[in-house]
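Peer 1: My questions concern the predicted model and sequence given below.
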Amino acid sequence: MAVVQADRDIEVSKPKSNLNKYDLFKWAITLIIPLIVWLTPMPFEQSVKTFLTITAWAVACWVTVVIPVEVTGVMIPCLYLLFNVAEPGVAFAPWGNTVIWGTVALLLIGLASTNSGLS
């Protein structure tokens, strides 16, 4: 917020960051754990090491909730494709399971009944 007065100095307040030390610590955890996995010597192929690194990042994101859980879940197969870890049919195969879509349908029905006042 800026305050302007005649023949006086202009005061400008700095925007405040929404990140506190605890949030910065959580972000550091989500970056350090995959880095440790990546830098650890392993007797695997490069694609397996990349898979483990992406998976470690996703687990760290789920535990710390720095990114919404749903976004992390969608990003995992996309990152597998981006880094050539898996083919599209393999990376997105879990999304073709009927259990997933049944769960989504039940959640939507529950949300609709709650919002409409039926429950």
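Peer 2: Yep, it's here. From a predicted model like this one, the values you see are computed outputs, not experimental measurements.

Peer 1: what helices or strands is the strand or helix carrying Ile32 leaning on?
Peer 2: Per DSSP states H and E, Ile32 falls inside helix 21-39. Applying 3 or more Cβ pairs under 8 Å, 6 or more residues apart in numbering; DSSP states H and E, one finds that helix 21-39 contacts helix 46-64. Where C-beta positions appear, they are placed from N, C-alpha and C, glycine not excepted.

Peer 1: The helix it packs on to helix 21-39, inter-axis angle?
Peer 2: 160 degrees (axes from the mean of the first three to the mean of the last three Cα atoms, to 10 degrees).

Peer 1: related to what we said a few turns ago, what about the helix holding Ile32, distance to the chain center?
Peer 2: With Cα atoms, centre = their mean, to the nearest Å as the basis, helix 21-39 stands 13 Å off its chain's centre.

Peer 1: Which positions in it come out as buried?
Peer 2: Lys26, Trp27, Thr30, Ile33, Pro34, Val37 (16 or more other Cβ atoms under 10 Å).

Peer 1: so the third one sits right up against Val59, yeah?
Peer 2: I take that to be Thr30. No - counting by Cβ atoms under 8 Å, Thr30 does not reach Val59; the two are 9.4 Å apart.

Peer 1: Phe92 versus Leu39, what's the distance?
Peer 2: Leu39 is 29 Å from Phe92, where distance means Cβ to Cβ, to the nearest Å.

Peer 1: Could you do Cys78 as well?
Peer 2: To Phe92, Cys78 is 9 Å away according to Cβ to Cβ.

Peer 1: Pull up the overlap in contacts between the two.
Peer 2: Residues touching both Cys78 and Phe92 by Cβ atoms under 8 Å, 6 or more residues apart in numbering: none at all.

Peer 1: Count the residues that sit near Ala56.
Peer 2: Residues near Ala56, counting by other Cβ atoms under 10 Å, number 17.

Peer 1: Model confidence for it, exactly?
Peer 2: We note a pLDDT of 97 for Ala56 in this prediction.

Peer 1: What lies in contact with the one helix or strand Pro77 maps to?
Peer 2: Per DSSP H and E, Pro77 falls inside helix 69-82. With contact meaning Cβ under 8 Å, 6+ apart, helix 69-82 is reached by 51, 54-55, 57-58, 61-62, 67, 85-86, 88, 91-92, 94-95.
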